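Structure for the following, please:
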Amino acid sequence: MDRWFEKVIDASAIATDETSLKAALSNLARELGFDRYAYFNIQAAESFAVSDYPPEWQERYFKRSYSIIDPVVTTAKRRMVTFSWDSSAAGRVPSKALKRFHSEAAEFGIRSGVSIPIRTGFGHMAMLTLATGAPSASALDIDPIVAAATVAQLHARLVLRRSGLTSQTTIHLKPEELLCLRWAAEGKTAKMIAQIEGMSFGNVRFFMENMKTALRAVSLPQATATAKALGLI
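Okay, here's the model as predicted:
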């Protein structure tokens, strides 16, 4: 398995675009006896996936906000370690919504698999899933540390590629200003940021004002929008 994870790292490093990376991940999933793969980046405001799941299923999954009830996602958030799953993840007496979810997933050949979740900062999570249409996934001897490190590298590559950070900016913010800005982008108030980071309320306000000045913004929403456009957060 360690060699397989090395291949994932190599594929993410040499891929010239998302299409070539997706093709490489598809081949690697099949190499382990799985049918499909899915990288899922779960954010508060916007989640996105890179996957070879059927496009119709991906569209339905996001349109119906299935991540809220998906037992694989809820288990990943709770455990934050590599785990195997199948339809029994819904529990002994699944709700009607979960029954429909599993039934629809099975229609697209997604019945069991292995998921590797990682924390991505600011209370968010990403994970790599290998899925199969078999009732249960084959047992794999996976080193959880190697698995998490591999998914972290894949995550970094995909986020960087998605953000399209090809331009540079002359605007530079201090670490404390970036930290406050990042939390503000998550909807946290100055008081909440102070509590989370153990800062004084006055210091948080100071950093925020300096940050807005540097970004030439008159409001916090404008500052976060500018910072995202510049690739600062």
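
could you say which helix or strand contains the closest residue in space to residue 7 that isn't next to it in sequence?
Excluding its sequence neighbours, the residue lying closest to residue 7 (C-beta to C-beta, 6 or more residues apart in numbering) is residue 28, at 5.8 Å. All C-beta atoms are positioned from the backbone trio N, CA, C, and that covers glycine. For residue 28, the host element (DSSP states H and E) is helix 18-31.

Likewise for residue 39?
Residue-wise, residue 39 maps onto strand 36-42 under DSSP H and E.

Could you identify the helix or strand that succeeds that strand?
As assigned by DSSP H and E, the chain's next helix or strand after strand 36-42 is strand 48-51.

With residue 183 as the reference, measure out to the residue nearest the centre of the chain.
The centroid of the chain falls nearest to residue 41 when counting by C-alpha atoms, centre = their mean (1.8 Å). From residue 41 across to residue 183, the span is 19 Å (C-beta to C-beta, to the nearest Å).

helices or strands up against the strand holding residue 39?
Applying 3 or more C-beta pairs under 8 Å, 6 or more residues apart in numbering; DSSP states H and E, one finds that strand 36-42 makes contact with helix 18-31, strand 48-51, strand 124-132, helix 144-163.

Which of these sits closest to residue 87?
Closest to residue 87 of the helices and strands packed on strand 36-42 is strand 124-132 (C-beta to C-beta; 12.0 Å).

Identify all contacting residues around that closest one.
Applying C-beta atoms under 8 Å, 6 or more residues apart in numbering, the contact partners of strand 124-132 are 29, 32-44, 53, 72-73, 76-77, 80, 109-120, 137, 150-151, 154-155.

No further queries at this time; thank you.
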